[in-house]
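Enquirer: below are the sequence and a predicted model; questions follow.
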Amino acid sequence: MENDIETLQKLLQDDPSNFQARRELSIILVNNGFNEEAEANLEYLCKYFPEDAELHYNLGIVDEKLKKFEKAKDAYKKAIELSPQEDFYYNLGEVLVDLQEWEEAEKCFKKVLMTDPDDGNCYFNLGVCYYNMEEKNKALDNFQKAVSINPKDVYAYFYLGFIYQDDGLTNFAIESYKKVLEVSPDYSWAYYNLGSIAYKNGNDEEAEEYLKKTIQYNPADYEAYKLLVKIYLKNNDSESALELLHTQLEKEDNGDLYYCLARVYKFIGDLNEYYDNLKKALQNPLTLSYSKKTLRQEYDYAGGQIGRNEDIEPEKQVEEYNENEYSEENSGNEYEKDYEDENEDENDNDNEEEYDEESEDEEYDNSDESYESDEDEDDYEDEWDETEESEGDDESEDNYDEE
């Protein structure tokens, strides 16, 4: 491969107008991950051959890989203008999903279905569009069509499970999540949501089993740790809660887990450790999804109870914690999930002066534990591409077209 690239590059040095060599070089570069170099060559070719639809299409593929979605959109639109082909519409639809332009994406996938009514990927993407357009019934119909065409569509089953769970149709949700695990036994979010359902139904042992599976496949799933700690404390098993949290915190600092650890020490009556871990939680603000103002009040109150009043080092970064950003970087999974807001109500009362211990206990104990289906399409598409490559059955995937 390196020899081929070097040979073609030498040919272009000697003769920059050798368009065939430049086209061949672009193909080799993009197929081997050299997307920026491929982009430069394709842009050069598009200037000289502006009526070549395949060149614009391939440029769109490269820009999409580089996450230059606006440029990819323009390239695909130009390709469609020159030659309205099924693959061009499909790829444009995917980019519009990335850009969250749901209605325009819907039109593209419907165009594909006019000529290929059995394209399961189109039905899945339509389901995503309708879900985000808050047309739940249409979303369900399309996800169901997707799995009827492709019974191994993990993501369609997951969306079905979440919609059913959100509607209170627990049995259907459980069935859908179990379908996910039949196809992909390491899908951590399906385990988490099954654990969440079991916990809400009072089945603590079953919930614990699912949550341990969640952590096994995704050690950075902090929501699973939180829910496990609640189950342990509910069953007076503080020893297991301490072991779980200390084991993970030895690997990395995390504000949420330090706060959970603080609550465990409060539960067993060790107020000095309670205070110390509240301090550590506040020292890790970028990984703290709980209200920092409320925790600071709790910290000051706890310090007053034990006669300690220690300053906390100023934050090195002042930006607020962004939950989606953090989970994307640390989820260990490309299909980025969104959490339902848990104890993240930042509408704090500016006139509040006294810490209310009972209200804080209630806030911690009643936090919501369910995952929403992923709405971050950047992350979804990456993992979707991997699945398509492994199964090799997607006729519309973004393969570079040598033609």
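Expert: Cool, the structure landed.
Enquirer: which intervals of the stretch 201-350 of the chain have sub-threshold pLDDT?
Expert: For the stretch 201-350 of the chain, the stretches with pLDDT under 70 are 314-350.
Enquirer: which residues of it fall in strands?
Expert: For the stretch 201-350 of the chain, applying DSSP state E, counting those that start in this stretch gives strands covering 338-339.
Enquirer: which residues in it form helices?
Expert: Taking DSSP state H, counting those that start in this stretch, the helices of the stretch 201-350 of the chain run over residues 204-217, 222-234, 238-249, 255-268, 271-282, 292-306, 323-330.
Enquirer: let's have the ones you listed in CSV, adding distance to L126.
Expert: (Glycine included, C-beta is placed from N, CA and C.) Shown next, in CSV, are the helices of the stretch 201-350 of the chain (distance: least, Cβ to Cβ, whole Å):
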stretch, distance to L126
helix 204-217, 29
helix 222-234, 29
helix 238-249, 39
helix 255-268, 36
helix 271-282, 43
helix 292-306, 41
helix 323-330, 24
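Enquirer: figure out which of these is closest to E24.
Expert: helix 323-330 (36.7 Å; Cβ to Cβ).
Enquirer: where does V180 sit relative to K266, distance-wise?
Expert: Going from V180 to K266 by Cβ to Cβ, to the nearest Å gives 37 Å.
Enquirer: and the closest residue to R308 other than its chain neighbours, how many residues sit next to it?
Expert: The shortest distance from R308 to any non-neighbouring residue, by Cβ to Cβ, 6 or more residues apart in numbering, is to Y275 (6.0 Å). Residue neighbour count, defined by other Cβ atoms under 10 Å, stands at 23 for Y275.
Enquirer: now do S291
Expert: That count, for S291 with other Cβ under 10 Å as the rule, works out to 18.
Enquirer: what do you get for A75?
Expert: A75: 29 neighbours (other Cβ under 10 Å).
Enquirer: what sits against it?
Expert: Counting by Cβ atoms under 8 Å, 6 or more residues apart in numbering, A75 makes contact with H56, Y57, L59, G60, D63.
Enquirer: repeat the analysis, applying 7 Å as the threshold.
Expert: Going by Cβ atoms under 7 Å, 6 or more residues apart in numbering, A75 touches H56, L59, G60, D63.
Enquirer: ok, now L140?
Expert: L160, I163.
Enquirer: part of a helix, is it?
Expert: Yes: using DSSP: H, G, I helix; E, B strand; the rest coil, the assignment for L140 is a helix.
Enquirer: measure it to C122 for me?
Expert: From L140 to C122 the distance is 16 Å (Cβ to Cβ).
Enquirer: so how far is stretch 98-111 from its chain's centroid?
Expert: 20 Å (Cα atoms, centre = their mean, to the nearest Å).
Enquirer: which parts of it are buried?
Expert: D98, E101, W102, A105, E106, C108, F109, K111 (16 or more other Cβ atoms under 10 Å).
Enquirer: likewise for stretch 39-59?
Expert: 39, 41-46, 52-59.
Enquirer: end to end on that stretch, go ahead and measure it.
Expert: One end of stretch 39-59 sits 6 Å from the other (Cα to Cα, to the nearest Å).
Enquirer: ok, now stretch 143-160?
Expert: 7 Å.
Enquirer: stretch 150-158 too?
Expert: End residues of stretch 150-158 are separated by 14 Å (Cα to Cα).
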